[in-house]
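Enquirer: okay, predicted coordinates and the sequence, questions at the end:
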Amino acid sequence: MARLSAEQSSRLQDFLAPSRIAVVATVGSTGMPQLTPNWYVFADGRLAISTTKERFKYRNLSRDSRLSVCIYSEPSAQDYVVLTGRAEVSDDESIWPVTRAIVERYVARDQVAARMTELRAQNRVIISLTPERAVFRG
């Protein structure tokens, strides 16, 4: 597994600090890419997204852990980063602090508790990616 350089890690941390949308690509059952937009949090060199076990990306990653993610600046996508590597999936109680950190990035403060109550009723997992490669544009 390749590691990002210190310069790449620092650049990635800075680029992912704003709440952007991550377009997640997994390998579908027919070999075609399957893409979905997702919220994320990036901490300690890992990108994390929350999803349910009923989603295609979870099923795809259960079969093939290869994952690519493109995160771009809005509205014109002049700057972006593409991350690749192998995903890890967690489905124990450790997912809830990470899920909350994701929700807090995208939901108004007064709506976080209600959103977390809604998510806790779902069959959720956290998909984590420690990037093996990062390609920047811009």
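Expert: Happy to help now that I have it. Predicted model, so just to flag it, every value in this text is computed and none were measured. Numbering: from 1, shown residues only.

Enquirer: and the residue most central in space within the chain, how far from residue 15?
Expert: Central residue of the chain (CA atoms, centre = their mean): residue 49, 3.7 Å from the mean position. According to CB to CB, to the nearest Å, residue 49 stands 16 Å off from residue 15. Bear in mind the C-beta positions are built from the backbone N, C-alpha and C, glycine included.

Enquirer: coming back round to it: for the residue nearest to the centre of the chain, list the residues it contacts.
Expert: Residues near residue 49 by CB atoms under 8 Å, 6 or more residues apart in numbering: 22, 24, 38-40, 102, 126-127.

Enquirer: what lies in contact with the strand with the most length in the chain?
Expert: The longest strand of the chain (DSSP state E) is strand 80-90. Strand 80-90 has contacts (CB under 8 Å, 6+ apart) with 1, 12, 15-16, 47, 58, 61-62, 65-73, 98, 125-138.
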